[in-house]
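Student: okay, sequence plus prediction incoming.
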Number of protein chains: 6
Amino acid sequence: MSDFTHFDSDGKAIMVDVSGKAATERSATARGSIVMAPATFELVRGGGMKKGDVLSVARLAGIMGAKRTPDLIPLCHPLSLSSVKVDLTLNEEKQAIDVTATCKLVGQTGVEMEALTAVSVACLTVYDMCKAVDKAMIISDIRLVHKSGGKSGTYEAS
Amino acid sequence: MSDFTHFDSDGKAIMVDVSGKAATERSATARGSIVMAPATFELVRGGGMKKGDVLSVARLAGIMGAKRTPDLIPLCHPLSLSSVKVDLTLNEEKQAIDVTATCKLVGQTGVEMEALTAVSVACLTVYDMCKAVDKAMIISDIRLVHKSGGKSGTYEAS
Amino acid sequence: MSDFTHFDSDGKAIMVDVSGKAATERSATARGSIVMAPATFELVRGGGMKKGDVLSVARLAGIMGAKRTPDLIPLCHPLSLSSVKVDLTLNEEKQAIDVTATCKLVGQTGVEMEALTAVSVACLTVYDMCKAVDKAMIISDIRLVHKSGGKSGTYEAS
Amino acid sequence: MSDFTHFDSDGKAIMVDVSGKAATERSATARGSIVMAPATFELVRGGGMKKGDVLSVARLAGIMGAKRTPDLIPLCHPLSLSSVKVDLTLNEEKQAIDVTATCKLVGQTGVEMEALTAVSVACLTVYDMCKAVDKAMIISDIRLVHKSGGKSGTYEAS
Amino acid sequence: MSDFTHFDSDGKAIMVDVSGKAATERSATARGSIVMAPATFELVRGGGMKKGDVLSVARLAGIMGAKRTPDLIPLCHPLSLSSVKVDLTLNEEKQAIDVTATCKLVGQTGVEMEALTAVSVACLTVYDMCKAVDKAMIISDIRLVHKSGGKSGTYEAS
Amino acid sequence: MSDFTHFDSDGKAIMVDVSGKAATERSATARGSIVMAPATFELVRGGGMKKGDVLSVARLAGIMGAKRTPDLIPLCHPLSLSSVKVDLTLNEEKQAIDVTATCKLVGQTGVEMEALTAVSVACLTVYDMCKAVDKAMIISDIRLVHKSGGKSGTYEAS
C-alpha cells in the first residue's frame, strides 16, 4: 500500500501536481442512502403526485453540489465537469432514498470527489426538506462504486 | 406527524418564512463516521506524529463547509454562525474516523443543517486525502444527535 | 430628486453605511417575464405533467440566486434573508412565463435587489432549459412592484 | 422542434453530457436595456464627468457575473471563459442604458448563458446604484443576438 | 501575553464561540501599499483622465473582497457588514498606491479581517491590471491602523 | 513600456481575450512575509509541537485561496490550476513568517495572480489566528519571484 499523495515528503498538505498527467476521459459513480421513518417515507413518496417533490429538489442540489466540490474539499483541483447525473430512487425495503451520482470529465484528474459530493449534498437536502417531520433520519453508505480513466485505471466496488 | 414545511400549499418549494420567529440561542450537534481498511487507518493515525495530518485538514474543511451550507442546501436560510467546532477521533474498534460537529447561533432558524454539512464535508475530505491508498472507504451514520433552541425545543437522538 | 447614494462626495463607489439605521421588517416584491415561441410554451406547459418540470427548476434557481445577491451586486450589503418565495406562472395570452419573487428580512437595508435578482436568475434558468428548442426567447419587464419597511417607507409600482 | 435537452427520458433534470462533443471556438453576444426616468438618465450621464461612474461599476459587475454563471444556473457546465466584454451605452431616445456582452471560449459547450448572465447582472447593478433616486426603472429585452461555434452552428437574432 | 484563541486546549483549530458576546458597534481600518516603477505610476495616474481607471476597479474589488472574507479565512465568522469603504490614493513620494479600507458592523465579532482583506484584494487587483507593464511591483505594509468596539476595546497603531 | 491590457482603446475595463493564445505550460512563484512581535513568533513556533499549528491552517487557506482568485480579482480568467503548493517557514532573523506559493497550469493565461493570492490569503490567515495576542503584525513584500510559460516568457525577480 502506497503513501498519501496529498502530503509532500515533509508531511505538508499540497494540491497534487497533475501538470504531467495526460488528459483522459474519466468517469466516477458514487452511491449513498438516507434512511427514514415509514411515515416520512410515505410523505416523500407522495411528493411525486400532488405535494412538493423532495426528490427533484435534492437531485438539483446534488448536481449543483458537484460543481462546488473544489470550493469544499481543500486539496481538490478545480475542474470543468462535462456531465453530472444524479438519481434518487425510493427503496421500499430499507425505507430509504437511494442516491446515485455519475460525473464525467476529459481531464488530468479523476472525478470521484465530485460524485461523492453530489451524493452527500443530495442526501443533506433530503434531510433538510424532511427534518420538520423526522429528525432521526440517517445518511449512510456513501461510497465510490465505479471509476474509470486515469493512470490507476478502472475501480469497481466489490 | 405534520407536513413538510419546505413546500407551500400548492407543493411549490419555498424558503420557510421565519420573519415572525424569535431570535433565540440555538445549538446543534451532528455525528458521522468514515470506515476504512486497517492499513489506511494506521496511515491516518501515523499522521499526528511525523506525516501529514489528515485529521487537521478535515477539521478545517468541516468548519469552512459549515459556512457554505446556504450555498449548498437550496432552501436553507443564510445565517451568521456564532460558533463551529469540529472534532475527529480515531475509533480503533470500528477502524473508522468519527466526526462530531457542533454549531451555534442566536437567530431565527436552527443550525442542524450546518452541523450535518460540517460532518459531511469533513468525511469527504478524509476520503479525498486517503483515496490514493483506499478507494473502498465508506461514509456512514451521519445524523443529528442533539439540537436545542427554537420553537420545537430540544431534540436528543435516542 | 436626490443624488446617488452609492458614491461619496468625490464620486467614489462605496457600500452605503447603514450602521445607524434601525433594524425594521422589510419586504420587497419584484416581477418579470420571459416570452417564448408558442411551441416552446407548449413544451414548458407539458412539463408539469409527464416531462421534466422547467418551472420547478427555475423556482429553485431563483431562491438560490436571491442568496447570492451580495456576491453579484458589488455594493449590496451581505444580509440574512428570513424568507424567499419565487412563483412562476404560465401566461397564455403573452405566451410567456411570469415570475414573481418576494424577499423578507428584519434588518438595516432593503431587499429590493434580492427580489430582482431572484426574478432574473429564474428567467435565465428558463432560458437555459429551453434554449435547445428556442434561442429567440426574450426576458422582459423586470421591475420592483412593491417594497415596504425602512426610512423611505412603502413603494407601490404605479 | 426537438425536445428539451436538460431532462432525461424520465423527465429528470440533468446536466447534459458533453463528453463526446468537440472543443470548438464558441462565441455568444447578448443584449438588454434598463429604462429609467429622464432625471435618472441625466444623473447617470453626468457620472462620466465629475460624479461616480455608474457605467464602470456595472461593466465590472457584468464581467464578474459572467464568471459566476455555473454557480447560478443549475444545469450550466462549469467552464473556462477565454474572453468577456461588457459594454454599456446611453440610449438617448429610449432614456435607457443599453448593455451588450460578448463571451468566448474554446470548449465543448456554448457560452450563451454567460453572455445573458453578464447582461442581467450589469442591469441589476445599474438598478442598485440608481434605486435611491428611481425605483421604477425596468430591465427589458434581454436576449441572445449572436452565437457561433458548436454543433448547432451560427445563430443570428432576426 | 495571552494564548491563541483559534485553538482549543488540545491545539485543535476552532471558530471561536462568540455566542455569549454582546453585539456592539465595531469598526476597523486597515492600510497597505503597492509600490511600482515610475513609468507604471504615471500610467495609473493617467487613468483618471482619458484611460481606463485602475483605481476604480481596485476600489470595487476591495469592497467585494471584504464580503468574501469568511470564504477565504478559515476561522472567520460569517457576518453582515454594515459599511465598507475603500480608498486608493497616489503616493508620489513612494511611487506607490496607498490603500485604506474601513469596515463597520454591529455584531459579536470584530471586522479587522474584513478591512485587511479589502486592502489585500485591492492591492492584488492593482497588480493584476498593471502586470503587463510591470511585474516587479511589491505589495507592502498591510496592517491594522485602528479598531474600536468589542471587549478588547480600541486599538490604535503606534 | 507598453500599455495596460485590461482596458480597451476607450479605457473600458475588459477581461483580455486569450482565445487565440496557445495553451502552454505555465508556472508562477510568489513570496511574502508577515512580521510579528518576538513573543508572537515564539507562540507560532511552539505550534508545531504541542499547540495548534498556525502554519498548517495558513498553508491550507493559501491553497484554497488560489482557487478563489477569479472570484476575487475582477478581470482574472477562470482557470483550472493543475498544481498549488504553499510553504510557510519561520524566519528567525526577521521574526517573520515567510510564505512562498507556486501555481501551475497548462493553459492560455498565466498564474501569477493565483500565486500572489495564495500568499496574501496565507498571510491574512496568520494574522487572523494570531491577532488576539498581537494586532501590530505587518504583511509585507508580496511579490512575484518567478514566472515561466506564455508569450512573455520567463520572468525572474532581480
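Tutor: Received the coordinates, thanks. Numbering: from 1, shown residues only, chains lettered A, B, ... in the order given.
Student: so how many other residues sit close to the residue of chain A found nearest chain E?
Tutor: Nearest residue of chain A to chain E: A:Asp71, at 8.0 Å (CB to the nearest CB). Just so you know, the C-beta spots here come from the backbone N, C-alpha and C atoms, and that holds for glycine as well. For A:Asp71, the count of nearby residues is 21 (other CB atoms under 10 Å in any protein chain shown).
Student: A:Gly107 too?
Tutor: Neighbours of A:Gly107 using other CB under 10 Å come to 23.
Student: quick one: pLDDT of it?
Tutor: At A:Gly107, the model reports a pLDDT of 87.
Student: tell me the bridge partners for it.
Tutor: Assessed by DSSP bridges, A:Gly107 has beta-bridge partners A:Thr24.
Student: A:Ala96 too?
Tutor: Beta-bridge partners, per DSSP bridges, of A:Ala96: A:Val35, A:Asn91.
Student: surely it touches A:Met36?
Tutor: Yes - A:Ala96 is in contact with A:Met36 according to CB atoms under 8 Å; the separation is 6.8 Å.
Student: coming back round to it: got the contact list for the residue of chain A closest to chain E?
Tutor: Residues in contact with A:Asp71 (CB atoms under 8 Å, 6 or more residues apart in numbering or on different chains) are B:Arg68, B:Asp71, E:Asp71, F:Lys67, F:Arg68.
Student: I'd like the residues you listed laid out as a markdown table, including pLDDT and secondary structure.
Tutor: What follows is the contacts of A:Asp71, written out as a markdown table (pLDDT from 0 to 100; DSSP: H, G, I helix; E, B strand; the rest coil):
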| residue | pLDDT | secondary structure |
| --- | --- | --- |
| B:Arg68 | 97 | coil |
| B:Asp71 | 97 | helix |
| E:Asp71 | 97 | helix |
| F:Lys67 | 97 | helix |
| F:Arg68 | 97 | coil |
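Student: and which of those residues is nearest to chain D?
Tutor: B:Asp71 (8.0 Å).
Student: which stretches of chain A form strands?
Tutor: Along chain A, counting by DSSP state E, strands occupy A:24-35, A:83-91, A:96-107, A:138-148, A:155-156.
Student: burial measure for A:His77, as a count.
Tutor: By other CB under 10 Å, neighbour count at A:His77 equals 22.
Student: what are the C-alpha coordinates of stretch A:99-108, in PDB please?
Tutor: Extracted C-alpha coordinates of stretch A:99-108, given in PDB (Å, rounded to 0.1, in the frame of the first residue of the first chain):
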ATOM      1  CA  VAL A  99     -28.900   8.300  -4.300                       C
ATOM      2  CA  THR A 100     -26.600   7.600  -7.300                       C
ATOM      3  CA  ALA A 101     -24.400  10.200  -8.900                       C
ATOM      4  CA  THR A 102     -22.200   9.900 -12.000                       C
ATOM      5  CA  CYS A 103     -19.700  12.600 -13.100                       C
ATOM      6  CA  LYS A 104     -17.600  12.800 -16.200                       C
ATOM      7  CA  LEU A 105     -14.700  14.800 -17.500                       C
ATOM      8  CA  VAL A 106     -11.900  14.800 -20.000                       C
ATOM      9  CA  GLY A 107      -9.000  15.900 -17.900                       C
ATOM     10  CA  GLN A 108      -6.000  15.300 -15.800                       C
END
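Student: and that stretch, which residues are buried?
Tutor: For stretch A:99-108, the neighbour count (16 or more other CB atoms under 10 Å in any protein chain shown) marks A:Val99, A:Thr100, A:Ala101, A:Thr102, A:Cys103, A:Lys104, A:Leu105, A:Val106, A:Gly107, A:Gln108 as buried.
Student: my guess is A:Leu90 contacts A:Glu42, does it?
Tutor: No - using CB under 8 Å, A:Leu90 is not in contact with A:Glu42, being 10.0 Å away.
Student: the closest residue to chain D within chain A - how many residues pack around it?
Tutor: Proximity of chain A to chain D (CB to the nearest CB) peaks at A:Ser83, 3.7 Å away. A:Ser83 has 19 neighbours, counted by other CB under 10 Å.
Student: near chain F at all, stretch A:79-89?
Tutor: Yes - applying CB under 8 Å from any CB of the partner chain, one finds stretch A:79-89 in contact with chain F at A:Leu79, A:Ser80.
Student: wait, A:Thr117 sits on A:Ile73?
Tutor: Yes - with contacts counted by CB under 8 Å, A:Thr117 reaches A:Ile73, the gap being 7.1 Å.
Student: who's more crowded, those two?
Tutor: Neighbours per residue (other CB under 10 Å) separate A:Thr117 from A:Ile73, with A:Thr117 holding more: 32 against 24.
Student: max pairwise distance over the contacts of A:Asp71: which two?
Tutor: Greatest spacing in the contacts of A:Asp71, by CB to CB: B:Asp71 and F:Lys67 (14.8 Å).
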